[in-house]
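A.B. asks: All I have is the shape, not the residue letters:
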C-alpha cells in the first residue's frame, strides 16, 4: 500500500524486483518485434528550444515553479476512474527528480490518466498488434525458424500476446503523451509502485526531451539499427531505475553480470517452460547489454551529456555490444543492399522478407548450433549484412545471407564458424564440388543433405550464404 510519505531509499535486490521486471518483460515484446519490417520510422532529433542543456559553466537552475500537474480524461470507451492525488504527486516528484539529476528542467508535467487495469491490458494488446501486424508476423516467424531460433510450429503470435499482458500496472504511451495508471496501483506494495513508475517516467523523459521512444525507434528494413536504438532506450530506463533507487554512489558499483542473473530469473519465472532460449536472449539483450552500454557511456560522459547520445544514436548492435566502437574509434556499419535473386532460384521463388540482422542476431544464429564461444569468435568483425528469405509455392524456404566483414581474416572466421554450423545442423550433409561459375578470387563451397543444399561463397571480406530446401 502507498503511505502518505513515500521516500526512495537505497535498496537491495528485493526492492528492485518490480522495476527490473517491468523493464525485462517489456523487452521481450519490443526486441522480438524488431525482427519485423515495423512501423514507419520517424527521424530522431534533439530540439534545443525544448531542453535545458548543461553547459561547462555548470547546471542551469529551473526557472520558476513547475506547472500544475495535468490529469487526462479517459478516452472514449474507457471507464473513468477517480484519480489518486498521492499517486499524482508522486509521479510529478519522481519526474522532477529524474529530470534534475540530468540537468534538465520539467518542460511540462506528465499527463496522467487513471483507468481500469483491464483497459491498460487492452492498450498493451493494441501496441502489440501495431508492431506485429499479422501479415508481417508470419514472415518473421518463418525467418526465425530458418535461422534455427524457434521450432517450425512455434506460436510466435501467442507468445507476443502473453508478453504484452505482463506489464499492466502502468504504461507510458508516446503517441498520446500520457502515463496510464491502473486504478489498482495504490494497492500494490510501496516498492512495486515506485519501481513501476520509475522506468515509465524514464521513457517519458526520453520522449519529452529527446523525442525518442519505442514508437519512433524502428528503422524500416534494418532490425539491427532498431535493436541498437531500443537498447539505448531500455538500457537508459534500467539505469534510471538503479540510479534512482540506489543513489549515485551505489549505481557505479552495479555489475551487469549480476543484473543478467536476476533478469534471467525473472524472465524464466514469467515465461512458459517451452519458450525458446533465443527469445529469452532477445529479452535480455537490450536490458543487460543496453545497461552495460549506458554504464560505459555515463562513465566517460555523465548523465548531463545524454543529449549528445540521443542526437547521434548508435547504428548497430555491434556498437552496443562493443561500446568503444561507438565512443572511441567509431565503426559504423556498411549498408548491404538487396540484389536480384541468385540464379540457383527459379522464378517461382518469391522474396517474403528482407532485413539487416546484425552482429547480435548472427551471434544467436551461430550459438544455437556451435555454442557461445565459437559463436562469439565467428560473429566478431561484423560490418554489415542483408538477409533475404524466399518461399516457393510448396512453402519451402531459402535464406540468402550476404555479409561484409572488417577484414578478410574475420570473413574467413565467420565462414569457418558457419561450416561448423552446417555440420551440426545437417549431420548428413556432404561437401560436394561446385560446378557453377566462380568469379576471380572467390571460393565456393557446396553441401548437400537429404533435402537441403547450402552454398558458401567467400571473396575477400564478403561472404554469401544460400541455404535452402528443394533448390
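C.D. replies: In hand now; what should we look at? From a predicted model like this one, the values you see are computed outputs, not experimental measurements.
A.B. asks: pLDDT at residue 247, what is it?
C.D. replies: As predicted, residue 247 sits at a pLDDT of 73.
A.B. asks: And residue 347, its phi and psi?
C.D. replies: Dihedral angles of residue 347 (phi, psi; degrees, to the nearest 10) stand at phi -60, psi -20.
A.B. asks: I'd like to know how far it sits from residue 396.
C.D. replies: Counting by C-beta to C-beta, to the nearest Å, the gap between residue 347 and residue 396 amounts to 15 Å. (C-beta placed from N, C-alpha, C; glycine too.)
A.B. asks: And for residue 339?
C.D. replies: 21 Å.
A.B. asks: Which of these two has more residues huddled nearby?
C.D. replies: residue 396 (15 against 11; other C-beta atoms under 10 Å).
A.B. asks: hang on, isn't that one packed against residue 453?
C.D. replies: No: with contacts counted by C-beta atoms under 8 Å, residue 396 stays clear of residue 453, the gap being 11.1 Å.
A.B. asks: intersection of neighbour lists for those two?
C.D. replies: residue 468 (C-beta atoms under 8 Å, 6 or more residues apart in numbering).
A.B. asks: residue contacts, residue 281?
C.D. replies: The contact partners of residue 281, taken as C-beta under 8 Å, 6+ apart, are residue 364.
A.B. asks: Test for you: state the pLDDT assigned to it.
C.D. replies: For residue 281, the model assigns a pLDDT of 87.
A.B. asks: Over to the one 4 residues further on?
C.D. replies: Among the per-residue scores, residue 285 shows a pLDDT of 86.
A.B. asks: Could you count how many residues lie near it?
C.D. replies: 25.
A.B. asks: next one: residue 343
C.D. replies: Residue 343 has 8 nearby residues by other C-beta under 10 Å.
A.B. asks: Spatially nearest residue to it (excluding sequence neighbours)?
C.D. replies: Leaving aside its sequence neighbours, residue 343 sits nearest to residue 436 (C-beta to C-beta, 6 or more residues apart in numbering; 8.0 Å).
A.B. asks: Same check on residue 430?
C.D. replies: The shortest distance from residue 430 to any non-neighbouring residue, by C-beta to C-beta, 6+ apart, is to residue 448 (5.7 Å).
A.B. asks: ok, that neighbour touching residue 432?
C.D. replies: Yes: here residue 448 reaches residue 432: they are 5.4 Å apart, a contact under C-beta under 8 Å.
A.B. asks: neighbour-wise, which of these two wins?
C.D. replies: residue 448 (14 against 11).
A.B. asks: Next, work out how far apart that one and residue 419 are.
C.D. replies: 14 Å.
A.B. asks: for residue 359, same thing?
C.D. replies: On the measure of C-beta to C-beta, residue 359 and residue 419 end up 19 Å apart.
A.B. asks: If you count surrounding residues, which of those two has more?
C.D. replies: The neighbour count for residue 359 versus residue 419, taken as other C-beta under 10 Å, is higher for residue 359 (26 against 17).
A.B. asks: any idea how far residue 414 is from the more buried one?
C.D. replies: Distance from residue 359 to residue 414, by C-beta to C-beta: 10 Å.
A.B. asks: got any residues that touch both of those two?
C.D. replies: With C-beta under 8 Å, 6+ apart, residue 359 and residue 414 have common neighbours 379, 382.
A.B. asks: what about residue 184, how many neighbours?
C.D. replies: By other C-beta under 10 Å, 13 other residues sit near residue 184.
A.B. asks: Going forward, count from 343.
C.D. replies: OK, 343 is where the count begins now, so the last one is residue 526.
A.B. asks: I figured residue 676 hits residue 724, correct?
C.D. replies: No: with contact defined as C-beta under 8 Å, residue 676 and residue 724 do not form a contacting pair (9.7 Å).
A.B. asks: So in this structure, which helix runs the longest?
C.D. replies: helix 565-588 (DSSP state H).
A.B. asks: Can you tell me which helices and strands that one packs against?
C.D. replies: For helix 565-588, the elements it packs on are helix 355-375, helix 427-443, helix 532-552, helix 590-593, helix 632-643, helix 648-653, helix 659-663, helix 700-712, judged by 3 or more C-beta pairs under 8 Å, 6 or more residues apart in numbering; DSSP states H and E.
A.B. asks: Just the angle for it relative to helix 632-643, thanks.
C.D. replies: Inter-element angle recorded for helix 565-588 and helix 632-643: 70 degrees (by axes from the mean of the first three to the mean of the last three C-alpha atoms, to 10 degrees).
A.B. asks: I'd like to check the angle between helix 565-588 and helix 700-712, please.
C.D. replies: 90 degrees.
A.B. asks: Just give me how far helix 565-588 sits from the chain centre.
C.D. replies: Helix 565-588 sits 9 Å away from the centroid of its parent chain (C-alpha atoms, centre = their mean, to the nearest Å).
A.B. asks: Repeat that for stretch 525-537.
C.D. replies: Mean-position distance between stretch 525-537 and its chain equals 26 Å (C-alpha atoms, centre = their mean).
A.B. asks: Now it: buried residues?
C.D. replies: Buried residues in stretch 525-537, counted by 16 or more other C-beta atoms under 10 Å: 525, 527, 530, 533-537.
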